[in-house]
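**Q** predicted model follows, preceded by the sequence.
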Amino acid sequence: MRITNNAKLPMPFVRMAEDNYISTPKRYSVTTLLKPVREILLKRRYEQEYEQDCSDMVWLLFGKAVHGILEQYGTGESEFVEERLDYKLENGYTVSGVIDFYDIDKGEVVDYKTASVWKVLYKDYSDWKKQGLMYAWLLKQYSLPCEKVVFYAILKDWSKTKAQFTADYPKSPVEMVEFYVTDKEIEETDKFIRSKIDELIEYEEKSDEELPLCSMEERWNDGDKFAVMKNGRKTALRVFDNVEEAETYKDEKGGDFIETRKGVDKKCIDYCLCCTKCAYWQSLQGEKVNG
Ligand code: SF4
């Protein structure tokens with residue numbers, strides 16, 4: 001990855017950004033396995049080519065600072081911190097993960113996150129749970145117990161005022177989310193890891209064009225929406241996920257027409273590092289140009 005410095009920040013920012021993860025053949029980290037196949041492979045193929053500005057990576061710095069400081073207040077007797085675990089599968093591929101904090105007596109993994117308040121407001125922790133289960137799976141390969149995974153999310157954009165006056169807003173800048181680990185979930189995680197690695201192997205030698213398109217969910221696209229509109233009014237009477245419900249509502253409530261609002265691929269547009277190498281993203285640019 002080439003690091004640019006458009007905001008002319010001091011060199012330590014640039015060096016911090018450059019000191020980022022470089023992939024190793026036949027090795028996939030737990031966090032990488034959570035990403036779509038197309039994104040993983042395009043990033044690997046072009047990791048020396050794609051660009052990121054170090055000012056866009058300040059949250060990486062924030063995350064590193066949090067991990068670095070908490071690591072210093074490290075270990076008791078039955079604990080380890082920032083421990084890398086590698087496990088080689090029968091097919092020669094390695095799954096790796098770095099566990100922030102592990103207490104062997106309690107069988108508990110702790111993971112520190114820096115997150116937005118929105119994560120807590122939406123309460124969608126499925127990605128964290130999958131990540132935690134993969135750590136539990138890694139520990140199990142070494143016959144180490146893991147009963148529970150606890151995430152501590154430091155909320156970067158937390159506001160004391162909103163916490164005082166808004167219902168449902170997190171009351172503290174640190175949110176704790178915990179999951180208990182069952183044998184069934186470990187079995188499912190084992191299947192997930194092996195099938196994801198098999199899928200990556202299948203596509204490693206295929207061309208960019210043959211890589212499977214990321215799903216709508218993976219592209220953070222909520223799908224088209226259908227707004228029931230009234231002549232002379234700018235805002236919708238109501239917005240629906242499907243056109244049939246919108247039609248019924250329009251007829252019942254005296255709407256005049258339905259406006260289709262096309263779903264947006266938010267990840268492709270703003271958050272996918274290898275987007276310029278992806279034919280799908282290129283097609284979106286073509287749509288923009290052609291209106
Ligand atoms: S640009 Fe979109 S479709 Fe292409 S790899 Fe990135 S997320 Fe997937």
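**A** Yep, it's here.
**Q** can you list the residues of the stretch 1-150 of the chain near the ligand?
**A** Pro36, Arg38, Glu39, Leu42 (CB under 6 Å from any ligand atom). (Each C-beta comes from the backbone N, C-alpha and C, glycine too.)
**Q** now, which of those lie within helices?
**A** Arg38, Glu39, Leu42 (DSSP state H).
**Q** can you pull the contacts of the second one?
**A** Right, Glu39. Glu39 is in contact with Cys214, Glu218, Cys272, Cys274, counting by CB atoms under 8 Å, 6 or more residues apart in numbering.
**Q** so which of these is the closest to Tyr50?
**A** Nearest to Tyr50 out of the contacts of Glu39 is Cys274 (CB to CB; 5.6 Å).
**Q** residues contacting the closest one?
**A** Contacts of Cys274 (CB under 8 Å, 6+ apart): Glu39, Leu42, Lys43, Tyr46, Tyr50.
**Q** tell me who's in contact with the residue nearest to the fourth one when sequence neighbours are not counted.
**A** Counting by CB to CB, 6 or more residues apart in numbering, the nearest residue to Tyr46 once its immediate chain neighbours are dropped is Lys277, at 4.9 Å. When the contact criterion is CB under 8 Å, 6+ apart, the partners of Lys277 are Leu42, Arg45, Tyr46, Glu49, Tyr50, Asp208.
**Q** low-confidence stretches in the chain?
**A** 19-21, 73-76, 288-291 (pLDDT under 70).
**Q** burial check on Trp118, number of neighbours?
**A** Number of residues near Trp118 (other CB atoms under 10 Å) recorded here: 10.
**Q** that one belongs to a strand, doesn't it?
**A** No: according to DSSP: H, G, I helix; E, B strand; the rest coil, Trp118 belongs to no strand; its state is helix.
**Q** how near is it to the ligand?
**A** Distance, Trp118 to the ligand, using CB to the nearest ligand atom, to the nearest Å: 19 Å.
**Q** which residues touch that residue?
**A** No contacts exist for Trp118 under CB under 8 Å, 6+ apart.
**Q** try it again with 10 Å
**A** Going by CB atoms under 10 Å, 6 or more residues apart in numbering, Trp118 touches Asp124, Leu155, Asp157.
**Q** ok, so of those, who is nearest the ligand?
**A** Closest approach to the ligand among these (CB to the nearest ligand atom): Asp124, at 17.8 Å.
**Q** before we move on, what SS does that closest one have?
**A** Asp124 ends up coil, using three-state DSSP.
**Q** burial count for it?
**A** The number of residues near Asp124, taken as other CB under 10 Å, comes to 11.
**Q** Glu202 too?
**A** Residues lying near Glu202 (other CB under 10 Å) number 11.
**Q** quick check: longest helix in the protein by residues?
**A** Under DSSP H, the chain gives helix 183-204 as its longest helix.
**Q** does the ligand sit close to that helix?
**A** No: using CB under 6 Å from any ligand atom, we find that helix 183-204 stays clear of the ligand, coming within 12.3 Å at best.
**Q** give me the helices and strands touching the following helix or strand past that helix, please.
**A** Counting by DSSP states H and E, the next helix or strand C-terminal to helix 183-204 is strand 225-229. The helices and strands touching strand 225-229, judged by 3 or more CB pairs under 10 Å, 6 or more residues apart in numbering; DSSP states H and E, are strand 238-240, helix 243-253, strand 257-261.
**Q** can you check what angle separates strand 225-229 from strand 257-261?
**A** 150 degrees (axes from the mean of the first three to the mean of the last three CA atoms, to 10 degrees).
**Q** now do strand 225-229 against helix 243-253, angle only.
**A** 10 degrees.
**Q** tell me the SS of Cys102?
**A** Not quite, residue 102 is Tyr, not Cys. strand.
**Q** quick one: contacts for it?
**A** Residues in contact with Tyr102 (CB under 10 Å, 6+ apart) are 75, 78-83, 85, 108-111, 135, 139, 144-146, 149.
**Q** on that earlier part again, buried residues, the longest helix of the chain. List them.
**A** Glu185, Ile186, Thr189, Phe192, Ile193, Lys196, Ile197, Leu200, Tyr203 (16 or more other CB atoms under 10 Å).
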